[in-house]
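Colleague: Give me the fold of what follows.
(2 chains)
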Amino acid sequence: MTAAWTLTEIKARRGKALVLDGASLHVASGEVLGVVGPNGAGKTSLLRAGLGLMPLEAGQAQLGDRPVGELSPVERARMVGYLPQERRLAWNLPALEVAALGAPDLPPRQAMAVARERLERVGVADLAERGVLDMSGGERARVLLARLLATRAPLLVADEPVAGLDPDAQLLTLDLLRAEAAAGAAVVVTLHDLGLAARSCDRVLVLDQGRVAAEGAPRQALSSDVLAKVFRLDGALVETPAGLVVAARRSGTPSR
Amino acid sequence: MSPRRLELCLLLALIAAAAVAVSLGESPLSAAQYHQALTDLASPPAEVLWTIRLPRVLMAALVGAGLGLAGATMQGLLRNPLAEPGVLGVSATAGLGASLAIASGLAAFPGAIELAALAGALAAGAVVVGLAARFREPEVLILFGVALSAFAGALTALVFNLSPSPVAIAEVLAWLMGSVENRDLTDILRALGPMAVGAGLCLYAAKGLRMLTLGEEAAQMSGLPMARLRVAAVAGSALLAGASVAAAGVIGFVGLAAPHLVRAAVRDDPGRLLRPSALAGAVLLVAADLAARLIPTEQELKLGVVTALFGAPVFALLAWRAARSWRS
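Modeller: Sure, this is the predicted structure:
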């Protein structure tokens, strides 16, 4: 397996606050890495810093074997597709055209064909001509996922792709990302649902206060110890017929 | 409607409006005089049509197109349907430049007012380009634009305040009200250069404006050279707005209304909005200037006054609609 994205000992600030304090991340093609952590742990910052959207104070971010900072915009776009957490769209473009924005490198006709296929894959082909601001939040999230898939990039980075989605759409989203990984892509997703992370990701990286608190296969990374220390939860991962779930209650320590 | 058909319709509307605007005026002509104007170019009616009215109509079309294109570009860049050149402080700074030139007696030199206005607009444009390179959030640009507008307005008021000559004050005021009266071909050619460059820059930025629909970060990751496209959009719209103010004084709301009129026809696409907005702006301003000439008042109405009278309620209506959509 070739290294798709490697972040080493990254430190970064947002304003004056140190939001990343020596965090590292590695993902290879063919695998889905889930990044979890409490609010403010630095998940979004880790993705942004690693993609060159935020200056690094220390550490290294590499895409393939090249530092992210050395890549031209075109080279970077060829290597990585990014779905930001922010889903506010400025204009009421038809869904098809929004999905086609994922493939600005293709001639318009081809980009539209790719976009149409991706809309079909995420299950909103019938909404292709509908304006994205006339849709429900869930429908819009699917269109934006189609836009991400239309990038055809070997590394897909999705920041909270299932936030605000119903259970079926959450599972569909992760199934689609898993399918991309099976086809050879490296996938990184940030998630808040620990059970979903445990079921859908090959590896889980637990971030806490800008540092990596645990990393590895879901069972190891989300041990009862980590649940208690990082998430202040008293519980454990439990195997069920449908896969792993987290059964837990708030532990006595007050949360932040 | 396909974008091409839309542009064709607007072009026909512009030609029709221009033909009407050249034909009608304060001094009515008889059928025989129209005939004379078309056949004998040295005749007095020909003089009225081709030397007085035609340049005025052409200037109105050019300035309207510049303002419409500048407005559409600003709206795409700032991702806000309420943006226009006035918002970035470009119009106010251009007005300040012209006021300074008039008050200091430079108006005697031909082209001095225009140059001063263009210099003012470009200074504002340079400030905005600098800010746009440093801050990516569109709200920041709007806030700085408000500050720049207010400051330039205050300095213009200071020019009034300190000017010893009431004649100069009257002249500045007249100029600030906007007009395309008494223009000739030289004026048009002088405006054409910076406008062509500005239009080229704005059209170059079109694909970046479309990508910005997704937000700043997704656009930055899209592979397009967003930094360059952003600077092109700001510089292009500043040039267009500055050249417009230099040519015709301060004319508000065309940059706001023109994109609004055609947005639905291009399905909200901020890139495809540009050329139709330029055409719609040209139609609007030719029509507004015709109205300014034909509305019977003792003093001829100033073009900027007419557009503001119609434009301000349109702005309020847009704000009302925007506010409702934010709530839902």
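Colleague: Please make it C-alpha for all contacts and neighbour counts, starting now.
Modeller: Noted.
Colleague: List phi and psi for whatever residue of the stretch 151-300 of chain B ends up closest to chain A.
Modeller: Distance from chain A to each residue of the stretch 151-300 of chain B (CA to the nearest CA) is smallest for B:G223, at 4.1 Å. When read as degrees, to the nearest 10, the backbone of B:G223 gives phi 100, psi -10.
Colleague: and A:L18, how many neighbours does it have?
Modeller: 14 (other CA atoms under 10 Å in any protein chain shown).
Colleague: these two touch, right, it and A:K11?
Modeller: Yes. Between A:L18 and A:K11 a contact is recorded at 7.4 Å, counting by CA atoms under 8 Å.
Colleague: where along the stretch 1-150 of chain A do the strands fall?
Modeller: With DSSP state E, counting those that start in this stretch, the ranges of strands along the stretch 1-150 of chain A come out as A:3-14, A:17-28, A:32-36, A:58-63, A:66-67, A:80-83.
Colleague: Find the one among those strands with the highest mean neighbour count.
Modeller: Greatest average neighbour count among the strands of the stretch 1-150 of chain A goes to strand A:32-36 (a mean of 27), per mean count of other CA atoms under 10 Å in any protein chain shown.
Colleague: Which of the strands of the stretch 1-150 of chain A sits closest to A:L233?
Modeller: strand A:32-36 (14.0 Å; CA to CA).
Colleague: Note down every partner strand of that closest one and its orientation.
Modeller: Strand A:32-36 pairs in its sheet with strand A:186-190 (parallel), strand A:203-208 (parallel), by DSSP bridges.
Colleague: Look at A:A247 and tell me its secondary structure.
Modeller: strand (DSSP: H, G, I helix; E, B strand; the rest coil).
Colleague: Let's see the pLDDT reported for B:S325.
Modeller: Note on B:S325: pLDDT of 65.
Colleague: Show me the shaky parts of chain B.
Modeller: Applying pLDDT under 70 to chain B flags residues B:133, B:136, B:325-328.
Colleague: Find the centremost residue of it, please.
Modeller: For chain B, the residue nearest the mean C-alpha position is B:L67 (2.4 Å; CA atoms, centre = their mean).
Colleague: So the residue nearest to that residue when sequence neighbours are not counted: helix, strand or coil?
Modeller: Nearest residue to B:L67, sequence neighbours excluded (CA to CA, 6 or more residues apart in numbering or on different chains): B:G255, at 4.8 Å. Taking three-state DSSP as the rule, one finds B:G255 in the helix state.
Colleague: can you pull the contacts of B:G255?
Modeller: B:L67, B:G68, B:L69, B:A70, B:G71, B:A72, B:E84, B:P85, B:G281 (CA atoms under 8 Å, 6 or more residues apart in numbering or on different chains).
Colleague: Up against chain A, what does chain B have?
Modeller: B:79-80, B:211-215, B:217-218, B:220-225, B:267-270 (CA under 8 Å from any CA of the partner chain).
Colleague: ok, residue 220 - how many residues close by?
Modeller: You didn't pick a chain, so chain A it is. A:Q220 - counted by other CA under 10 Å - has 15 other residues nearby.
Colleague: other chain: chain B
Modeller: 21.
Colleague: Please apply the same query to A:G131.
Modeller: 19.
Colleague: try B:Q33
Modeller: Neighbours of B:Q33 (other CA under 10 Å): 16.
Colleague: ok, then the element right after the host helix or strand of it?
Modeller: Assigned by DSSP states H and E, B:Q33 belongs to helix B:31-39. Using DSSP H and E, the next helix or strand after helix B:31-39 towards the C-terminus is helix B:44-46.
Colleague: which residues are contacting that following helix?
Modeller: Contacts for helix B:44-46 (CA under 8 Å, 6+ apart): B:L29, B:Q33, B:Y34, B:Q36, B:A37, B:L38, B:D40.
Colleague: Just the buried ones among the residues you listed, please.
Modeller: B:L29, B:Q33, B:Y34, B:Q36, B:A37 (16 or more other CA atoms under 10 Å in any protein chain shown).
Colleague: thinking again about what came up before, check which helices and strands the helix holding B:Q33 sits against.
Modeller: Applying 3 or more CA pairs under 8 Å, 6 or more residues apart in numbering or on different chains; DSSP states H and E, one finds that helix B:31-39 makes contact with helix B:44-46.
Colleague: A:G184: neighbour count?
Modeller: A:G184, neighbours per other CA under 10 Å, totals 16.
Colleague: Now it: closest residue in space that isn't a chain neighbour?
Modeller: A:G30 (4.6 Å).
Colleague: Likewise for A:E9?
Modeller: Per CA to CA, 6+ apart, closest to A:E9 is A:G22, 4.0 Å.
Colleague: which residues sit in contact with the one you found?
Modeller: A:T8, A:E9, A:I10, A:K11, A:A58, A:G59, A:G210, A:R211.
Colleague: let's see it at 10 Å
Modeller: Applying CA atoms under 10 Å, 6 or more residues apart in numbering or on different chains, we find A:G22 in contact with A:L7, A:T8, A:E9, A:I10, A:K11, A:A12, A:E57, A:A58, A:G59, A:G210, A:R211, A:V212.
Colleague: Can you name the residues bridging to the first one?
Modeller: Right, A:L7. Under the criterion used (DSSP bridges), A:L7 bridges to A:L25, A:A61.
Colleague: hang on, isn't it packed against A:Q60?
Modeller: Yes. In this structure, A:L7 is within contact of A:Q60 by CA atoms under 10 Å, at 5.7 Å.
Colleague: Distance to A:A125 for the contacts of helix B:44-46 - can I get that in a markdown table?
Modeller: As requested, the contacts of helix B:44-46 are arranged in a markdown table below (distance: CA to CA, whole Å):
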| residue | distance to A:A125 |
| --- | --- |
| B:L29 | 61 |
| B:Q33 | 63 |
| B:Y34 | 59 |
| B:Q36 | 63 |
| B:A37 | 60 |
| B:L38 | 59 |
| B:D40 | 64 |
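Colleague: residues near the residue of the stretch 101-250 of chain A found nearest chain B, how many?
Modeller: Nearest residue of the stretch 101-250 of chain A to chain B, counting by CA to the nearest CA: A:L101, 6.5 Å away. A:L101: 29 surrounding residues under other CA under 10 Å.
Colleague: Dihedrals phi and psi, it?
Modeller: phi -70, psi -10.
Colleague: Could I get the buried residue list for the longest helix along chain A?
Modeller: Ranked by residue count, the top helix of chain A under DSSP state H comes out as helix A:167-182. Neighbour counts over helix A:167-182 (16+ other CA under 10 Å) mark A:A169, A:Q170, A:L171, A:L172, A:T173, A:L174, A:L176, A:L177, A:R178, A:E180, A:A181 as buried.
Colleague: And the average pLDDT for that helix is what?
Modeller: On average, helix A:167-182 scores 95.
Colleague: Next, the contact list for A:H26, please.
Modeller: A:A3, A:A4, A:W5, A:T6, A:L7, A:T8, A:L33, A:A61, A:Q62, A:V188, A:L205.
Colleague: Brilliant, that's me finished.
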